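Undergrad: Here's a sequence, model it:
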Amino acid sequence: MMRDKGFGRGLAIAPLLLLVAMAAEPLPAGVPDTRLALLDLSQPFAARSGWRFVATQGPQVADPLGEADDRAPGVVRLCISRDGGRTCAPRLGTLLALPGKPDLFDQPHFLEDARIVRPRPDRPLLLIRAASLHSGDGDQRVATIALGYDRTRDAFVPVYEKRTGRNNNQEVRYIATGPLRGAIVAAEPTSDAPFAYWITVDRLGPDGRYHQALRYRSRTRYGDGNPKAVIDSDMAETLRRLPK
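TA: Numbering: from 1, shown residues only. Next comes the predicted model:
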């Protein structure tokens with residue numbers, strides 16, 4: 001999308017903390033919902049138990065920033081379960097929450113991605129991206145998480161997490177092909193001149209978790225009129241800087 005001059009607008013985004021607790025999370029009973037996604041995790045992960053990922057969306061809610069009768073999409077419930085959805089572990093309902101008091105944007109209302117990816121042939125991951133309600137200026141809080149299967153514990157565990165906004169051309173992208181295959185690349189705006197972006201490349205390490213391999217201030221500038229996404233615009237520079 002073309003980079004505009006809206007720098008600094010939107011939701012406050014705090015540094016990501018490990019907000020996904022490993023305790024089981026019971027699903028509420030009797031809530032009418034719509035199924036958004038269903039993934040069988042047993043075969044791709046060779047899991048010892050019958051694990052599945054299910055995403056459902058509850059009924060519409062009152063739009064907290066709209067007129068009296070305006071409605072907004074319902075809360076999305078993200079569940080990794082081995083007991084048919086009775087309990088969910090790890091807890092994914094707090095992916096968007098900031099430390100401190102609850103706010104209007106701490107629950108997912110949009111499921112943007114849910115799929116199994118393979119950064120290595122022997123290492124499948126469950127990749128999920130969810131977003132909050134929109135703020136008054138159209139911004140959203142967006143969370144991306146990748147989870148791997150721990151065979152010893154018979155549990156799914158986070159191996160990558162990041163939370164951003166949207167209005168300032170932020171993006172977190174899993175790279176499925178090419179020289180960066182398996183990497184996760186993030187673009188986030190800098191806070192000082194010359195206004196550009198922090199490009200961060202995380203790669204899967206020997207321990208099965210993602211670790212930062214590169215971070216630099218982009219050649220791409222804010223408000224430069226380039227219609228390409230920031231990650232695409234700066235890809236040549238990213239590849240040049242990446243340690244061989």
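
Undergrad: center of the protein - which residue?
TA: When Cα atoms, centre = their mean is applied to the chain, the residue found nearest the centroid is residue 144 (1.2 Å).

Undergrad: Quick check: residue 87 vs residue 79, distance?
TA: To residue 79, residue 87 is 8 Å away according to Cβ to Cβ, to the nearest Å. (Glycine included, C-beta is placed from N, CA and C.)

Undergrad: related to what we said a few turns ago, what separation do you get for the residue nearest to the centre of the chain and residue 36?
TA: Applying Cβ to Cβ, the value for residue 144 to residue 36 is 17 Å.

Undergrad: picking that back up, for residue 75, see how far away the residue nearest to the centre of the chain is.
TA: With Cβ to Cβ as the criterion, residue 144 and residue 75 are 19 Å apart.

Undergrad: same check, this time on residue 54
TA: 14 Å.

Undergrad: you'd agree residue 145 is up against residue 156?
TA: No. Assessed by Cβ atoms under 8 Å, residue 145 is found out of contact with residue 156, at 10.4 Å.

Undergrad: Flag the shaky bits of this protein, pLDDT-wise.
TA: 1-32 (pLDDT under 70).

Undergrad: switch the cut-off to 90
TA: Where the chain drops to pLDDT under 90, the residues are 1-33, 48-49, 64-69, 84-85, 98-102, 193-194, 222-226, 243-244.

Undergrad: for it, what's the longest helix?
TA: helix 235-241 (DSSP state H).

Undergrad: packing partners for that one?
TA: strand 197-204, strand 210-217 (3 or more Cβ pairs under 8 Å, 6 or more residues apart in numbering; DSSP states H and E).

Undergrad: So what touches the first one?
TA: Around strand 197-204, the neighbours that count as contacts under Cβ atoms under 8 Å, 6 or more residues apart in numbering are 119-120, 123, 159-160, 169, 180, 182-190, 210-218, 220, 222, 230-231, 234, 237-238, 242.

Undergrad: which of those are buried?
TA: Neighbour-count burial (16 or more other Cβ atoms under 10 Å) applied to these gives 119, 159-160, 169, 180, 182-190, 210, 214, 216, 218, 220, 222, 230-231, 234, 238.
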